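K.L.:
Pasted the sequence and its predicted model underneath.
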Number of protein chains: 2
Amino acid sequence: MNLDEVYSQLTTKTGAKLALVVLDGLGDIATSSQGNMTPLEAAHTPNLDALVRAGCAQGRMIPVAPGITPGSGPGHLGLFGYDPLEFQVGRGVIEALGLGVTLKAGDVCARANFCTLDADGNVTDRRAGRIPTEECERLCAILSKKIKKLGTTQVMITPGKEHRFVIVFRGAGLEGPLSDTDPGREGQPIAEAKPSKPTSAKQKKVAKLIQDFYAQALPLLAGEARANGFLMRGIAHQPDIPVFDERYQLKAACLAVYPMYKGLAQLVGMTKIEGPQTIREQFERYLAERANYDYFFIHFKYTDKAGEDGDFEAKKKYVEEFDAALPILLSKKPDVLAITGDHSTPCPVKGHSWHPQPVLLHSALSGNDKLDRFTETGANLGSLGVFEAKYLIRLMQANAKMFDKFGA
Amino acid sequence: MNLDEVYSQLTTKTGAKLALVVLDGLGDIATSSQGNMTPLEAAHTPNLDALVRAGCAQGRMIPVAPGITPGSGPGHLGLFGYDPLEFQVGRGVIEALGLGVTLKAGDVCARANFCTLDADGNVTDRRAGRIPTEECERLCAILSKKIKKLGTTQVMITPGKEHRFVIVFRGAGLEGPLSDTDPGREGQPIAEAKPSKPTSAKQKKVAKLIQDFYAQALPLLAGEARANGFLMRGIAHQPDIPVFDERYQLKAACLAVYPMYKGLAQLVGMTKIEGPQTIREQFERYLAERANYDYFFIHFKYTDKAGEDGDFEAKKKYVEEFDAALPILLSKKPDVLAITGDHSTPCPVKGHSWHPQPVLLHSALSGNDKLDRFTETGANLGSLGVFEAKYLIRLMQANAKMFDKFGA
């Protein structure tokens, strides 16, 4: 029997309030150049320290599998309890979510970018000289206005930064993935998008839609000096993911600022709560909405940004900013609180990494690991050990007493 | 290849003596109300401490899967090396084992209880007013005397506490599970036991047996004021479990006091050693029987009972009682000794829980984690890490040098 089915059979709804606070890219690694401290270790975190001393279980989480560095999609799906290897979300979908497009299951999405074509139709610049964002917006508006439908399939075009945009096909009977139309190097013509499963009628339908789209769109761009063509990559459909409240018996809300995370939350059926822009505001909104939901996903982006920049001091400062806001959340404490990252973004790496992120779990039943602080090194000593991130929500549910006993 | 097959192929019989001491429900959680100590941490355990300092490996074990709270059945099956998700034992079987019924593979067992029926055959009290145990014994004796066989199938009826009893059908070609005859609420008639697989001839045979049993039994109870009917739940057969000595090349004995644990041991092919009633007597009997078996399962119930009662002082006292007896076991030390629980029964939970239980492994090859004591917090730091309980016996076998090298 599938383990998720076992969990489902044991689940009962309770009135417990659960909160997952994600400090994006929280985990880091200590290096001698920073006094062998991580930003989390170097930060002044009196509120977090007090929470730890009040009784927490700590551990470290493997986002996907040992050594695998996740993107934001797999990182968050794991935290939401979906095995990132089982529930793969294509790049086109992630890109669309990142631009704030509201998707439905079955929507086929592609990352697209303008390019320059020569008279023979060969690509001479795969990024169209990185045209400015306003230029991209102008061209997307032209395409959007002229191409709203292809047969019965709806077409949605959303501009991104510089030369980037997203194309979404919405209609019955569509499926990805298809191969890129980007030939991968200059001097080649736009490639044909080919079904990954040549026998799939749904993928063949998408291949035909893409041909038709090019047939209508390229003439509209013919007069452009630089952006007279476009390439498509990561063509994939939004998978049908079992939604949160059915899977976990938890009515879930998302308190995120960036579209990508709102999109990922919506993908699993959370309600987006719009408005708050700072972590203080997010926590205040949690207080206001506490009665209306069972589970809150609260996302803080800036630790990841600082990690990506390799900016130790900034990452430390953002941890302190979070810590200073924490008493707002704790003023009406969730019954079960988890604080963690979706992955590590170590400053020395200047990017996401595979290093297991530290996690802290606090509830009346979390027990007390008798650690003084929440840090990577401390989490190594915790009772949760090193575990796959997909189990975090199961531990949260257990702490919320949502599971019956298994067997007699 | 299945991992159990790999282990089997690597296994060679040695003369090593292995002992598993289960302090039932041992694991606990620290809370501020008890000075941030668990009973194991608070207990005075000089003998255990000396053993730890002599060289032990420690860790924590997940009984079934993260967040899942096991019953005694799954908890012990895991300790015996059987994946509790693969080898599921129905409630009827566990109940029969708990009453000391000696089962064979294929026996179909049901938890039963007397109920009150009105003139129309509707249930008016699902527990027959909780008749006293003596009343239950009298009625079971009547049923047992009159109904010994149904066709070629043997019928065994065993009274339990108050209104509860167990029915076992023994014969060829029987299989569970079937649905309950308990309608789940008053005002309804006794339900029909339906096969879970409608195509299973074996389950259909059991359904017919149950109908026949009701047809013969109900008239025998017709004159009773309260207990004029009965309901059946958890109708399941004893699964065919690969027996211990074949699976592990270990001749195993059980030194348990309570019927449930003797039954679980017997389910996997251990020999029950009867007689000892205290942990001192159990250890003394181990000394006497040491030459006759390779593996001893020694079960101590009282830590779990105290946990169920939420009685911190009692749990601590029972740990100390175990510790005081330990030198008897150590006077002829097993070559490999594991001390652990089948799950945690934290005092604050007053019941079983999902918290990984601490485990200690001592052998000439266990290594030394250089810890001072055996505690939950200490076990977090041990070399065994956090692992699934089903691997404990494999670690014990490895410490007994029972495994050949895998590959060249």
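P.N.:
Arrived safely, thanks for sending. Numbers count the residues shown, from 1 in each chain, chains lettered A, B, ... in the order given.

K.L.:
which helices and strands sit right next to the top helix by length along chain A?
P.N.:
Ranked by residue count and defined by DSSP state H, the top helix of chain A is helix A:201-221. With contacts defined as 3 or more CB pairs under 8 Å, 6 or more residues apart in numbering or on different chains; DSSP states H and E, the packing partners of helix A:201-221 are strand A:108-117, helix A:133-146, strand A:149-150, strand A:164-170, strand A:229-237. For every residue, glycine as well, the C-beta is placed using N, CA and C.

K.L.:
Contact residues of the stretch 51-200 of chain A facing chain B?
P.N.:
A:54, A:55, A:59 (CB under 8 Å from any CB of the partner chain).

K.L.:
Could you find the closest non-adjacent residue to the last one?
P.N.:
In this structure, residue A:59 finds its nearest non-sequential neighbour in residue A:384, 2.6 Å apart by CB to CB, 6 or more residues apart in numbering or on different chains.

K.L.:
Of the helices and strands packed on helix A:201-221, which is nearest residue B:326?
P.N.:
Residue B:326 sits nearest to strand A:229-237 of all the helices and strands packed on helix A:201-221, at 60.5 Å, using CB to CB.

K.L.:
ok and that closest one relative to helix A:133-146, angle-wise?
P.N.:
Strand A:229-237 and helix A:133-146 are oriented at 70 degrees to each other (axes from the mean of the first three to the mean of the last three CA atoms, to 10 degrees).

K.L.:
circling back: between the longest helix of chain A and helix A:133-146, how big is the angle?
P.N.:
110 degrees.

K.L.:
And the contacts of helix A:201-221?
P.N.:
Helix A:201-221 has contacts (CB atoms under 8 Å, 6 or more residues apart in numbering or on different chains) with A:108, A:110, A:114, A:139, A:142-143, A:146-147, A:150-151, A:153, A:155, A:167, A:169, A:173-178, A:181, A:190, A:192-197, A:227-230, A:232, A:235.

K.L.:
Pick the most deeply packed of the helices and strands packed on helix A:201-221.
P.N.:
Mean neighbours per residue, mean count of other CB atoms under 10 Å in any protein chain shown, is largest over the helices and strands packed on helix A:201-221 for strand A:108-117, with a mean of 26.

K.L.:
strands paired with that strand, and their directions?
P.N.:
strand A:123-125 (antiparallel), strand A:164-170 (antiparallel), strand A:229-237 (antiparallel) (DSSP bridges).

K.L.:
So which bits of the following helix or strand past the last one are buried?
P.N.:
In other words, strand A:229-237. The element immediately downstream of strand A:229-237 (helix or strand, assigned by DSSP states H and E) is helix A:244-248. Buried residues in helix A:244-248, counting neighbours by 16 or more other CB atoms under 10 Å in any protein chain shown, are found at A:244, A:245, A:247, A:248.

K.L.:
give me the residue from the stretch 51-200 of chain A nearest chain B.
P.N.:
Nearest residue of the stretch 51-200 of chain A to chain B, counting by CB to the nearest CB: residue A:55, 6.7 Å away.

K.L.:
ok, and the closest non-adjacent residue to that residue?
P.N.:
Closest residue to residue A:55 apart from its sequence neighbours, by CB to CB, 6+ apart: residue A:368 at 3.9 Å.

K.L.:
Please name the residues that touch that neighbour.
P.N.:
A:55, A:56, A:57, B:29, B:30, B:31, B:32, B:36.

K.L.:
Let's have the residues you listed in a markdown table, adding secondary structure.
P.N.:
Shown next, in a markdown table, are the contacts of residue A:368 (DSSP: H, G, I helix; E, B strand; the rest coil):
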| residue | secondary structure |
| --- | --- |
| A:55 | helix |
| A:56 | coil |
| A:57 | strand |
| B:29 | coil |
| B:30 | coil |
| B:31 | strand |
| B:32 | helix |
| B:36 | coil |
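
K.L.:
Rank the residues you listed by pLDDT and give me only the lowest.
P.N.:
Ranked by pLDDT, those bottom out at residue B:32, which has 88.

K.L.:
That one contacts residue A:53, doesn't it?
P.N.:
No. Using CB atoms under 8 Å as the test, residue B:32 is too far from residue A:53 to be in contact (9.3 Å).

K.L.:
ok so, going back, how close does the residue nearest to residue A:59 get to residue A:394?
P.N.:
Relative to residue A:394, residue A:384 is positioned 12 Å away (CB to CB, to the nearest Å).

K.L.:
So for the two, which sits in the more crowded spot?
P.N.:
Using other CB atoms under 10 Å in any protein chain shown as the criterion, residue A:384 and residue A:394 rank with residue A:384 on top: 28 against 24.

K.L.:
tell me the contacts of the more buried one?
P.N.:
Residue A:384 touches A:57, A:58, A:59, A:60, A:359, A:361, A:395, B:386, counting by CB under 8 Å, 6+ apart.

K.L.:
from those residues, which ones fall inside strands?
P.N.:
Under the assignment DSSP state E, the contacts of residue A:384 contribute A:57, A:58, A:59, A:60, A:359, A:361, B:386 to strands.
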